[in-house]
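K.L.:
fold the stuff below for me.
(one chain, ligands or ions: 1)
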Amino acid sequence: MSPTIKRVLVANRGEIALRIIRACHEEGLEAVAVYSDADRLSPHVRAADLAVPLGPPPAAQSYLDIAKLIAAAQSAACQAVHPGYGFLSERAPFAEAVAAASLEFIGPPAAAIRTMGDKTEARRRMQQAGVPIVPGTMRPLADHAQARPEAARLGYPVLLKAAAGGGGKGMRLVREEAELEAGFEAAASEALKAFGAGEVYLEKYLERPRHIEIQILADSFGRVVALGERECSIQRRHQKLIEEAPSVAVTPALRRRMSDAATAAAGAVGYLGAGTIEFLLAPSGEFSFLEMNTRLQVEHPVTELVYGVDIVREQLRVAMGQPLRVHAGTLQPRGHAIECRITAEDPFNDFLPATGVVSYLRVPGGPGVRWDGGIEAGNEVTLHYDPLIAKLIVWGETRGVALERMRRALRELTIVGIPSSQAFHLRVMDDPEFQRGDIDVTYLERAGERLLVGEPPAELTRPLAVVAALLAEERRAAAPPPPPAPSAGPPVRPSAWLLAARRDALGQ
Ligand code: MV4
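P.N.:
Next up, the predicted model:
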């Protein structure tokens, strides 16, 4: 029996809440926003048909409060809940609480979330399903003594990973046996602190792999399709900063093999909706399963642009018991897409998170440019939530065209009031190694110094000077006019922005 969905609670904030609200509207559904006191003036609140306040800004008292979200869905007479990404999106107890309240969870079954959240169980299930996994242990290790023979068997270097983890927390690289005991204790205590579970297991450490992930969609008619790969190797401290599709390292034959592995992985856990299988691709061309993300991902737009599929609308269709509209036989990537995450972090100060009011925002546009943003001028960026301001995504016929377009779009972007990662992205677009596609997960560690020396580029400071001058001119226009100068000629005064532009042209 298909659920009747007319109204969806969007249990998230910022750009992804807005993205989901837009998909609801295109699918003919009403969308209900939720918001903390800090997000009262956020665009997602006004884009929704209805908005329910959650209370104080801390996530634990707002976007992570399961009881408040269920109550909001019921008070607004919703039939379904979309969790977005982050927050409660991969918490099996949330999916269960939604179902227990007779609401549809727009995501996979809770059992699939739970299985993939347990990293050694996921490895066992993938092995059974014939998906290649990184060599390692198939169960958590009791202590460092138990780890010793296993590490020797795998050969150093090895990586200790949290069994309840993911995303790099509770992970320790061990280069030789002498480091094993200390590494084990450090990984276990970090895992306990981060996940409330101290179990760790071992994997062979792969040197300089690429992070390649496959997007899948599954419906309740037993169909699972793969929408190709995303190249996500440009990360800093396990936060992705730039993603693209397709990957220069993936041939059509490799894409087919990775897609087959990804659909087998999803099938093995009875997956439904949108999900992503993360792989490491070694320089040898071998790929192995890393983990599965059982949610919509931040970087889903690059896949949408090269496959012409609306992933969020497909999620909604699957939740309504309808078949996927995409057909595996006709799926071919077209052109190239790149996404830059524009974050409120200062790249010239070790990516220090920035706070403050965005006093002015000029958003890029034009051919092949997509701006998935969540804030507008006047909004305040706080430390309560993650620092993502927007995703700037471009499409081009080739990677080279997409890259030039990203450059152009980044130059159009003007953010006044808080520092952002904009200048960093321009530097990466200008980097010869990035241009050659010569990247792996260590790229930023290796290129960071080279990319971030000196001052922000002039093409970004010029628009800032112009905006500052315009604002000054506005203030002056509002003030009473100065008395006319005696015996002056005609009152010609070059405008402030013209002066700023001239100074810039003269390199002053
Ligand atoms: C690895 C690896 C090398 N070998 N596993 C980091 C986060 C977590 N999702 C898995 N991670 C890695 N696992 C083995 N066996 C290297 C990394 C890794 C990494 C992976 C993806 C993207 C960026 C990364 C940065 C450093 C290390």
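
K.L.:
ramachandran coordinates for Gln215?
P.N.:
phi -80, psi 130 (degrees, to the nearest 10).

K.L.:
that one and Gly437, how far apart?
P.N.:
20 Å (CB to CB, to the nearest Å). Every residue, glycine included, has its C-beta placed from N, CA and C.

K.L.:
which ones are touching Gly373?
P.N.:
15, 18, 43, 363, 389-391 (CB atoms under 8 Å, 6 or more residues apart in numbering).

K.L.:
which one among those gets closest to Glu231?
P.N.:
Glu231 lies nearest to Lys391 out of the contacts of Gly373, by CB to CB, at 15.6 Å.

K.L.:
now the phi/psi pair for the residue in the stretch 351-500 of the chain positioned nearest to the ligand, please.
P.N.:
Across the stretch 351-500 of the chain, no residue is closer to the ligand than Val441, which sits at 3.5 Å (CB to the nearest ligand atom). Dihedral pair for Val441: phi -70, psi -10, per degrees, to the nearest 10.

K.L.:
so which strand or helix has Ile216?
P.N.:
In this assignment (DSSP states H and E), Ile216 forms part of strand 210-218.

K.L.:
pLDDT of that strand, averaged?
P.N.:
Strand 210-218 shows a mean pLDDT of 98.

K.L.:
partner strands of that strand, parallel or antiparallel?
P.N.:
In the sheet, strand 210-218 lines up against strand 224-236 (antiparallel), strand 273-281 (antiparallel) (DSSP bridges).

K.L.:
so which of these comes closest to the ligand?
P.N.:
Here strand 224-236 is closest among these (CB to the nearest ligand atom), at 4.4 Å.

K.L.:
only C-alpha atoms, please: export the helix or strand just after the closest one in PDB.
P.N.:
Tracing the chain C-terminally past strand 224-236 and defining elements by DSSP H and E, one meets strand 239-245 next. The C-alpha trace of strand 239-245 is given here as PDB (Å, rounded to 0.1, in the frame of the first residue of the first chain):
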ATOM      1  CA  GLN A 239      35.600  17.800   5.200                       C
ATOM      2  CA  LYS A 240      35.100  17.800   1.400                       C
ATOM      3  CA  LEU A 241      35.700  21.200  -0.200                       C
ATOM      4  CA  ILE A 242      35.500  20.500  -3.900                       C
ATOM      5  CA  GLU A 243      33.600  17.600  -5.700                       C
ATOM      6  CA  GLU A 244      33.200  16.800  -9.400                       C
ATOM      7  CA  ALA A 245      31.600  14.400 -11.700                       C
END
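
K.L.:
what's the first helix or strand after strand 239-245?
P.N.:
Strand 239-245 is succeeded, C-terminally, by helix 252-268 (DSSP H and E).

K.L.:
let me see the residues that make contact with that following helix.
P.N.:
125-126, 128-132, 212, 214, 216, 218, 224-226, 228-229, 246, 250, 275, 277, 279, 285, 287, 289, 292.

K.L.:
okay, buried residues for it please.
P.N.:
Within helix 252-268, the residues that count as buried by 16 or more other CB atoms under 10 Å are 254-255, 258-259, 261-266, 268.

K.L.:
for the most centrally placed residue in the chain, give me phi and psi.
P.N.:
Within the chain, one residue has its C-alpha closest to the average C-alpha position: by CA atoms, centre = their mean, that is Val298, at 2.8 Å. Val298 adopts backbone torsions of phi -50, psi -50, taken as degrees, to the nearest 10.

K.L.:
now it: how far from Phe287?
P.N.:
As for Val298, its distance to Phe287 is 22 Å (criterion: CB to CB).

K.L.:
neighbour count winner among Gln215 and Gly437?
P.N.:
Between Gln215 and Gly437, counted using other CB atoms under 10 Å, the more crowded position is Gln215 (28 against 14).

K.L.:
return the set of residues that bridge with that one.
P.N.:
Thr276.

K.L.:
got the residues of the chain near the ligand?
P.N.:
Counting by CB under 6 Å from any ligand atom, the residues of the chain close to the ligand are 134, 159, 166-168, 203-206, 209, 211, 235, 238, 280, 290-291, 441.

K.L.:
and with 5 Å instead?
P.N.:
134, 159, 168, 203, 205-206, 211, 235, 441 (CB under 5 Å from any ligand atom).

K.L.:
as JSON lines, these with neighbour count would be great.
P.N.:
Shown next, in JSON lines, are these (neighbours: other CB atoms under 10 Å):
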{"residue": "Val134", "neighbour count": "22"}
{"residue": "Leu159", "neighbour count": "20"}
{"residue": "Gly168", "neighbour count": "12"}
{"residue": "Glu203", "neighbour count": "21"}
{"residue": "Tyr205", "neighbour count": "18"}
{"residue": "Leu206", "neighbour count": "20"}
{"residue": "His211", "neighbour count": "22"}
{"residue": "Gln235", "neighbour count": "18"}
{"residue": "Val441", "neighbour count": "17"}
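
K.L.:
Leu392 contacts Met406, doesn't it?
P.N.:
Yes: contact criterion CB atoms under 8 Å: Leu392 and Met406 qualify, at 7.3 Å.

K.L.:
can you pull the contacts of the closest residue to Phe87 other than its chain neighbours?
P.N.:
Distance criterion CB to CB, 6 or more residues apart in numbering; nearest residue to Phe87, sequence neighbours excluded, is Tyr63 at 4.8 Å. Tyr63 is in contact with 11-13, 34, 36, 54, 69, 87-88, 385, counting by CB under 8 Å, 6+ apart.

K.L.:
Ala245 now?
P.N.:
Ala245 neighbours (CB under 8 Å, 6+ apart): 228-231, 302-303, 305-306, 333, 336-337.

K.L.:
quick check, nearest of those residues to Phe195?
P.N.:
Checking the contacts of Ala245 against Phe195 with CB to CB, the nearest one is Arg230 at 25.8 Å.

K.L.:
now do the contacts for that closest one.
P.N.:
Contacts for Arg230 (CB under 8 Å, 6+ apart) come out as 212-213, 215, 243-245, 247, 299, 302-303.

K.L.:
would you turn those residues into a markdown table with distance to Leu413?
P.N.:
As requested, the contacts of Arg230 are arranged in a markdown table below (distance: CB to CB, whole Å):
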| residue | distance to Leu413 |
| --- | --- |
| Ile212 | 28 |
| Glu213 | 26 |
| Gln215 | 27 |
| Glu243 | 18 |
| Glu244 | 18 |
| Ala245 | 21 |
| Ser247 | 25 |
| Glu299 | 19 |
| Val302 | 18 |
| Thr303 | 23 |
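
K.L.:
using PDB, list the CA coordinates for stretch 173-185.
P.N.:
Taking C-alpha atoms only, stretch 173-185 is exported to PDB below (Å, rounded to 0.1, in the frame of the first residue of the first chain):
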ATOM      1  CA  LEU A 173      47.700   5.500  11.200                       C
ATOM      2  CA  VAL A 174      50.200   3.000  12.600                       C
ATOM      3  CA  ARG A 175      53.400   2.800  10.600                       C
ATOM      4  CA  GLU A 176      55.200   0.100  12.600                       C
ATOM      5  CA  GLU A 177      54.600  -2.400  15.400                       C
ATOM      6  CA  ALA A 178      56.200  -0.100  18.100                       C
ATOM      7  CA  GLU A 179      53.400   2.400  17.500                       C
ATOM      8  CA  LEU A 180      50.500  -0.100  17.700                       C
ATOM      9  CA  GLU A 181      49.800   0.000  21.500                       C
ATOM     10  CA  ALA A 182      49.600   3.800  21.700                       C
ATOM     11  CA  GLY A 183      47.700   4.000  18.500                       C
ATOM     12  CA  PHE A 184      45.100   1.500  19.700                       C
ATOM     13  CA  GLU A 185      44.500   3.300  23.000                       C
END
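
K.L.:
I am finished for the moment; much appreciated.
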